[in-house]
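*Asks:* What shape does this take:
(chains A and B)
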There are 2 protein chains.
Amino acid sequence: MKNNYKVKSKLAIFFVFAFAYVGLSQNADEEQIKKLYDTALTEGDGYDWLNYLSNQIGGRLSGSIQAQQAVDYTKAQLDSLGVDKVWLQPVMVPKWVRGTPEFAYFETLPGTTTNVPICAIGGSVATSPNGVKANIIEVQGIEQLAALGREKIQGKIVFFNKPMDATQINTFTAYSNCVNQRYAGALEASEFGAVGVIVRSMNLRLDDYPHTGSMNYGEQPVSERIPAAAISTNAAELLSTSLKLNPAIKFYFKQNCKQFNDVESYNVIGEIRGTTKPEEVIVVGGHLDSWDLGDGSHDDGAGCVQSMEVLNLFKKTGYKPKRTVRVVLFMNEENGLRGGKKYAEIASTKNEKHIFALESDSGGFSPRGFTFESSDKDFDKVLEWKSLFKPYLVHYFEKGFSGADIGPLKNEGLVLAGLRPDSQRYFDHHHAENDTFEHVNKRELQLGAASMASLIYLVDKYGF
Amino acid sequence: MKNNYKVKSKLAIFFVFAFAYVGLSQNADEEQIKKLYDTALTEGDGYDWLNYLSNQIGGRLSGSIQAQQAVDYTKAQLDSLGVDKVWLQPVMVPKWVRGTPEFAYFETLPGTTTNVPICAIGGSVATSPNGVKANIIEVQGIEQLAALGREKIQGKIVFFNKPMDATQINTFTAYSNCVNQRYAGALEASEFGAVGVIVRSMNLRLDDYPHTGSMNYGEQPVSERIPAAAISTNAAELLSTSLKLNPAIKFYFKQNCKQFNDVESYNVIGEIRGTTKPEEVIVVGGHLDSWDLGDGSHDDGAGCVQSMEVLNLFKKTGYKPKRTVRVVLFMNEENGLRGGKKYAEIASTKNEKHIFALESDSGGFSPRGFTFESSDKDFDKVLEWKSLFKPYLVHYFEKGFSGADIGPLKNEGLVLAGLRPDSQRYFDHHHAENDTFEHVNKRELQLGAASMASLIYLVDKYGF
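*Replies:* As a prediction, this is how the structure comes out:
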């Protein structure tokens, strides 16, 4: 009885200490996370960096002067943070140039034309110097091509007009469900003898901006490639209605975009070396290149400056990570993913041990949470941290796609994650002329950065 | 043993049916809520109504022609929905008019002036026709007036420059913590002999828009009232820095706003009569008046059209409520709350039984959840519904302030609630020239309306 009492007593003492420790640790985490958020909201530099990237440099298409200026600028800023190491990682990237502004109209009767806003899809070939003029046939997606067959498509321009599904709450799901028209529409339509394709912009809103993006001709010989352009959603609606009234409409478009040889560019990398486990690497990043129409503020200037801010917030709050925390600004996500592939290749060559990678590439909107690609066990660990984010209204912790640039790093031991901001307005701006700085709210941007820093703090402290 | 078996068997059958019923009911709720969201996102009319209110009518200050136009327009729209009853509820409202544009500058040396953007605070008296020119003294809130005393304040303009606290995640908390400078600053400063007050705009962002809002002179005789104006945040920073360099700066401002006698206006009301419990009333509303500087799209055109949309969505989805669901567009929330008080007074006179009231008056941004003023028991009931909102990322269900207009209805039996949209951008626009239609996103607005309709559907179905 006495022994038993002792055992119970010892156990009780053990539990008191255990709980006290857990309590203290929880408090320490709450305090550090609050420090990260407070600092981001009052002393963050991300918004100013984004201002420079957007308004002093502008759109940063791979291989452009602006992309190189962005490399130089972000490297200099990382240098100025006093992190342990900053370097450029060379990578060959494709260079595609839009050329002179595209031009398009449709003609209901000869001489009766309506101009419509279009833009070449990234990677498209040019039209002939005089443009393409042909009858146009509307389809609601690639699947409908085969049903129509060569007979109805031969010699025509194919108009892919499947809209994004407005009932999807996550707008990225709506995007995924119809982006293949843009990506593979030209290749597929050319198989049926089409002479060009016009694709409804990936935009849930009705407005006048054409949205570009990437496309792929696969192994198709250059001589067989047909030109592809995106048309604004308003113009897509107009064209569709006009075609119902008169299927014999002729459509004209002209673009002189061109693919050059690959050129050298860089991933921009900076790191704080871990104090006790420097060999374990945590990556946080976004992509530095953007499309050329806007200034790439949401896609993905925001993700770049948020990632840089993570290191900045650690420095400003005096947090010294145990593990190496590395920011990577990937080059060429938009039309090649060369930066992401190169980074993973070098990491593998060097046999670096990555334990976690977080990407921000969904805009600088209010952060709602994170998605994770991980084992169930690691995800359960992440879920234990979720309540720490409640005061910041960051509530969405789910398994799901992380990010394109960090994808090539994927291996069994590594946890990948993506920041998930509110997605409602993202496709209003995505790849269009109105992806500009004034559409980013400073607090929303900084709350995203603080959320990322907090998650990385927890990963660094507790590991996987 | 056999009997016992029978009892068990019966119990088992009971539970199977009970769970099946709960399951079916849960499914029915999921389906109806999905229908409400889908319809809001594809066939909602709220965004078009808001376009008209904002761009065809504009700012709707109580007693103005625009306020009357808004009454006529919204009544006509409710009539066109084919709800069971639409009517106007007369209410006397204050009429304050801004007059010619305000003008202000500060003078570091005689003849060296810097113009600054100001606007009269709603309800303020005019300056003398030639304006007020005086030394200016900065304080960080009303609390500092007593410490300075009459000696340092007499004959001066008081500059209230306490900023909103950027570390508050809920921006409404930051607002609450310093809005008393605007509301009571003039009254308090005049007690110490001040000749005017200039108040830093309630805005977390640094920009050039002055933000108006309400103020109160209490029982102070008109002859003792001093004029009050808001200054943009950028100008407040400039003025503060300039005062540090030269405390002898003179500040000048001129405004000729005026308070007229009360005029008649209206609450606009429409309802769908309940099928089986028509005597139980559920209210959903926003306020139809706005400030005069912008077009009042977020404050509170959004709340009005979302509330109208609730009835519209019930009609469009064929949902016939058991209880009476009533939309109320309250007049005069901004500078008097007369509409809210009148509605409660008439409801009480008629002995109407209200069981639930929901207000949307926090902007048309992505809905994050709801706050509730209720008993613990009723709140527990609400929490049972929370999981139904998870697919729509509506996650914030907490006790807290509901809304100003429905406040006067408060009694023990009634549950009050407020829609809580993302608050980060609200004060960028609140009461300023840039509270305009293009800053409202259609999807965010419609998701808010669907969230409100879903909550009201659940209240109607299950009651309290």
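*Asks:* Could you list the contact residues of chain A toward chain B?
*Replies:* A:37-38, A:41-42, A:166-167, A:169, A:171, A:204-205, A:366, A:368, A:391-393, A:395-396, A:422, A:424-425, A:428, A:441-444, A:447 (CB under 8 Å from any CB of the partner chain). (C-beta placed from N, C-alpha, C; glycine too.)
*Asks:* So which of those are in helices?
*Replies:* Among the residues of chain A next to chain B, the residues falling in helices (DSSP state H) are A:Tyr37, A:Asp38, A:Leu41, A:Thr42, A:Thr171, A:Asp428, A:Lys442, A:Arg443, A:Glu444, A:Leu447.
*Asks:* The last one: how many residues sit nearby?
*Replies:* As a burial measure, A:Leu447 scores 26 neighbours (other CB atoms under 10 Å in any protein chain shown).
*Asks:* can you pull the contacts of it?
*Replies:* Going by CB atoms under 8 Å, 6 or more residues apart in numbering or on different chains, A:Leu447 touches A:Tyr37, A:Ala40, A:Leu41, A:Ser366, A:Pro367, A:Tyr392, B:Ile169, B:Gln424.
*Asks:* and the first one, how many neighbours does it have?
*Replies:* Other residues within reach of A:Tyr37 by the criterion other CB under 10 Å amount to 24.
*Asks:* wait, it sits on A:Ser454?
*Replies:* Yes. Counting by CB atoms under 8 Å, A:Ser454 is a contact partner of A:Tyr37 at 7.3 Å.
*Asks:* Tell me, how many residues neighbour A:Gly407?
*Replies:* Neighbours of A:Gly407 (other CB under 10 Å): 17.
*Asks:* And it, what's its pLDDT?
*Replies:* Looking at A:Gly407, its pLDDT stands at 98.
*Asks:* Which of the helices or strands spans the residue at minimal distance from the centre of chain A?
*Replies:* In chain A, the centroid-proximal residue (CA atoms, centre = their mean) is A:Asp361; its distance is 3.1 Å. Counting by DSSP states H and E, no helix or strand carries A:Asp361.
*Asks:* What's the separation between it and A:Glu30?
*Replies:* 29 Å (CB to CB, to the nearest Å).
*Asks:* Same question for A:Glu271.
*Replies:* Taking CB to CB, one finds A:Glu271 at 27 Å from A:Glu30.
*Asks:* can you check A:Ala449 too?
*Replies:* In terms of CB to CB, A:Ala449 sits 19 Å off from A:Glu30.
*Asks:* For those two, indicate the residue with more neighbours.
*Replies:* A:Ala449 (33 against 13).
*Asks:* mind listing what's buried in stretch A:246-266?
*Replies:* A:249-257, A:259, A:262, A:265-266 (16 or more other CB atoms under 10 Å in any protein chain shown).
*Asks:* List just the nearest of these to chain B.
*Replies:* A:Ile249 (27.3 Å; CB to the nearest CB).
*Asks:* Looks like that closest one contacts A:Thr108 (just checking).
*Replies:* Yes. Between A:Ile249 and A:Thr108 there is a contact under CB under 8 Å: 5.7 Å.
*Asks:* Tell me which other helices or strands the longest strand along chain A touches.
*Replies:* Scanning chain A for the longest strand, with DSSP state E as the assignment, gives strand A:258-272. Packing contacts for strand A:258-272, counted by 3 or more CB pairs under 8 Å, 6 or more residues apart in numbering or on different chains; DSSP states H and E, involve helix A:65-80, strand A:85-97, helix A:302-316, strand A:323-330, helix A:338-349.
*Asks:* repeat that with 6 Å
*Replies:* Strand A:258-272 sits against helix A:65-80, strand A:85-97, strand A:323-330, with contacts defined as 3 or more CB pairs under 6 Å, 6 or more residues apart in numbering or on different chains; DSSP states H and E.
*Asks:* what ranges of chain A fall below the confidence cut-off?
*Replies:* A:1-24 (pLDDT under 70).
*Asks:* As a check, name the ranges of all strands in the stretch 351-464 of chain A.
*Replies:* Taking DSSP state E, counting those that start in this stretch to define them, one finds strands in the stretch 351-464 of chain A at A:353-359, A:367-373, A:396-399, A:415-421.
*Asks:* One more: the stretch 151-300 of chain A?
*Replies:* Using DSSP E, counting those that start in this stretch, strands in the stretch 151-300 of chain A cover A:157-160, A:196-200, A:228-231, A:250-254, A:258-272, A:277-287.
*Asks:* Within the sheet, what are the partner strands of the second one, with directions?
*Replies:* Strand A:196-200 has the following strand partners under DSSP bridges: strand A:157-160 (parallel), strand A:228-231 (parallel).
*Asks:* Turn those into JSON lines, columns for distance to B:Gly286 and mean neighbour count.
*Replies:* What follows is these, written out as JSON lines (distance: least, CB to CB, whole Å; neighbours: other CB atoms under 10 Å in any protein chain shown):
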{"stretch": "strand A:157-160", "distance to B:Gly286": "40", "mean neighbour count": "28"}
{"stretch": "strand A:228-231", "distance to B:Gly286": "37", "mean neighbour count": "30"}
